[in-house]
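J.: Any chance you could fold what I've pasted below:
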Amino acid sequence: MIPPPLPPDEPRRLQALRRLGLLDTPAEERFDRIVRMAARTFRVPISLVSLVDGSRQWFKARVGMDTSSTARSVSFCGHAILTPDTFVVRDALDDKRFFDNPLVTAEPHVRFYAGHPLHAADGSPVGTLCLMDRRARDFGPEERQQLEDLASWVELELNALTLQQARTALAQQERFFELSVDMLCIAGVEGTFRQLSRAWSRTLGYSEQTLRATPLLELVHEEDRASTTEWLARGARGELLPRFEHRCRGQDGTWHWLQWNATVNPEEGIFYGVARDVTEQKRLEAERRQMERMKSEFVSTVSHELRTPLTSIRGSLGLLEGGILGELPAQAQDMVRIARTNTERLIRLINDILDLEKMESGKLDFHLEPLELDALLAQAVEAHQGYARECGASVELVVEAPGARVLADGDRFLQVLANLLSNALKFSPRGERVTLRLERVGPRLRVSVEDRGPGIPEAFRGRIFEKFAQADGSDSRRKGGTGLGLSIARALAERMGGTLDFVTTKGAGTTFRVELPEWHAEASVSAPSVPPQQEPAPRAGPHAARPRVLHVEADEDNRRVVANVLRDVADVVPASGPLEAESALRSGPFPLVIAEPVLPEGGVLPLAPLLAAAPVVLFSVREAEPELARQVSAVLVKSRTSNEELRSTVLRLLLSAAQPLPPRGVP
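T.: Below is the predicted model:
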């Protein structure tokens, strides 16, 4: 036995067979009547419509055969589809290809076979109309013609469904083109339309006949023609076409922005495209950008026009409360405290709103560096002792992982802690304590803020990190706040690669937990950090004069406040702008310059002359860009810096400037 070889175009043939959609379908009278007629016409016991797939021959219609399929390897039809004409085996026992075939040696004991190939619409041979007999017989030219005629009938039936499906698909396509909101088209690669959906006429106003007669490039805005030509040329070269936008002229002369998704069949030279009118989206986008600009300008105005006076108000009240004018009467002292507390509250509100805007616009800068957490936590505790006394509570620090470090932005991390500690103190019963705890949890470090307050209401827990979220009906409204602090704190923690969550129990308190990956030095050993020493004032010798500090600031009130804050540290020389600063620098050297780089009219103070003269501290309404921050000795944001922090920063830098430099080669 010789199995039938595969045709050279077997993949294409099998694809054509599958497209017919007839394999393994129920019997149909339109095929059954043909095999019955063939059996009667040629007086044979077996007649089949056989479809040959990859591994078998399957019978769509059969007479005289009980089984519905046989293996392709033993099939006669597998040989028949290889020939263009009728394939005849007069006597299988005398044919070396079939004499030992199981279809010959066993049921159905085939001796005679005649089969004419059946073709799909693309010409691929997919099967046969075949005759079988249990005795050898001749098959003359007239019989061959009759079998070929019947096979043509079978082919018509094979492809009739395909043709009907094609007609249906064409009708659906036309309906789709008619109803589509998008602008569908089929065009030549040179841009001449061949088929258009009605959306083109609805959008641009031209009739379909006009559009068919007008090349696409004639509709395109002059400024967009070169890019459109190149886009079409890319498609003609067979390249993938990216999403594309250009302007097209409507019948009324208006310009429409069209956004395209398209593909090209370079072999056919056909362009298939879907365009969408995005003119309104473009308009809205332009309005959105305008609103963003206005918002940015407003934020800048708020930053300068509110932060600057509030800083001087807070500084002045702090100085009064600290006794700069002597001890105040008890009632006056209480009024000053109330004013300072509410000023702090207003500053926090402004800071929260500005931070939120920066985070949403992606403009909040981070300077990540290895930091020892226990030092940061001690700083946070110290900064909140005064607020703790006001709340009648206390703050304790518990360090279970001393010396542990994280990669973080120190100022941002302190901002997170400030939010958590102020909340915890605000809701703590009088006489209770808030615990700030540092512990190691696997490869991460956990900083917990534990209070013993009333806990977070059940209904509010799912919304606690949402912007402007507050627990209505609880004590939080009476305690005040913007509802932004926790949202900002979580965003800051996540930007530093950490998480912020909480656990709470009604009546037993709440614990907020910040977790960050622990940082380990890999190759180098960092120099030990030296805490700033708090000295009364730097002196170069027993008879040295007080150091002079140049303060460049346009706001007169802030200049006066800074001078009073630093009254026991240095003599502050004020300068309202670049010209006065230049004049002051000519009067003699300064070991330190304090500068507000933001000018009232919106410009920026030239810092190069100041940086060339002395170390510079930025004391500003805005946070400095990272590149600028690396050039200066310190960056202090007015609304976040207390009088004590300003004083200690200046004192530390003056002490550093007063230290003599070691000889070369001495560490």
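J.: Compute the number of surrounding residues for A489.
T.: For A489, the count of nearby residues is 22 (other Cβ atoms under 10 Å). No exception for glycine: its C-beta is placed from N, CA and C like everyone else's.
J.: was I right about it contacting V416?
T.: Yes: assessed by Cβ atoms under 8 Å, A489 is found in contact with V416 at 4.6 Å.
J.: what is in contact with these two at once?
T.: Counting by Cβ atoms under 8 Å, 6 or more residues apart in numbering, the common neighbours of A489 and V416 are L500.
J.: biggest helix in the protein by residues?
T.: Identified as the longest helix of the chain according to DSSP state H is helix 279-321.
J.: Show me how far that helix is from its chain's centre.
T.: Remark: helix 279-321 is offset 27 Å from the chain centroid, using Cα atoms, centre = their mean, to the nearest Å.
J.: So which elements touch it?
T.: On a contact count with 3 or more Cβ pairs under 8 Å, 6 or more residues apart in numbering; DSSP states H and E, helix 279-321 meets strand 255-265, helix 330-361, helix 556-565, helix 643-658.
J.: Could you check the angle that helix makes with strand 255-265?
T.: 120 degrees (axes from the mean of the first three to the mean of the last three Cα atoms, to 10 degrees).
J.: Now do helix 279-321, average pLDDT.
T.: Helix 279-321 carries an average pLDDT of 81.
J.: Also stretch 594-601?
T.: Rounded mean pLDDT across stretch 594-601 is 85.
J.: With stretch 77-89 instead?
T.: Mean predicted lDDT for stretch 77-89 stands at 95.
J.: Endpoints of it, how far apart?
T.: One end of stretch 77-89 to the other measures 11 Å (Cα to Cα, to the nearest Å).
J.: Give the buried residues for that stretch.
T.: Within stretch 77-89, the residues that qualify as buried are 77-81, 86-89, counting by 16 or more other Cβ atoms under 10 Å.
J.: And those residues, which is closest to L579?
T.: I81 (98.3 Å; Cβ to Cβ).
J.: I'd say L103 and T67 touch.
T.: No: counting by Cβ under 8 Å, L103 stays clear of T67, with 10.3 Å between them.
J.: So between these two, which is more surrounded?
T.: Neighbour count, other Cβ under 10 Å: between L103 and T67, L103 has more, with 19 against 9.
J.: Buried residues in the helix or strand hosting that one, which are they?
T.: Taking DSSP states H and E as the criterion, the element that holds L103 is helix 102-105. Neighbour-count burial for helix 102-105 flags 103-104 (criterion: 16+ other Cβ under 10 Å).
J.: who's in contact with that helix?
T.: Applying Cβ under 8 Å, 6+ apart, the contact partners of helix 102-105 are 70, 74-76, 92-93, 98, 110-111.
J.: go on, stretch 399-407?
T.: 368-374, 377, 413, 437-440, 445, 496-498, 516-520.
J.: show me where the stretch 451-600 of the chain has strands.
T.: 499-505, 509-519, 548-552, 571-575, 592-595 (DSSP state E, counting those that start in this stretch).
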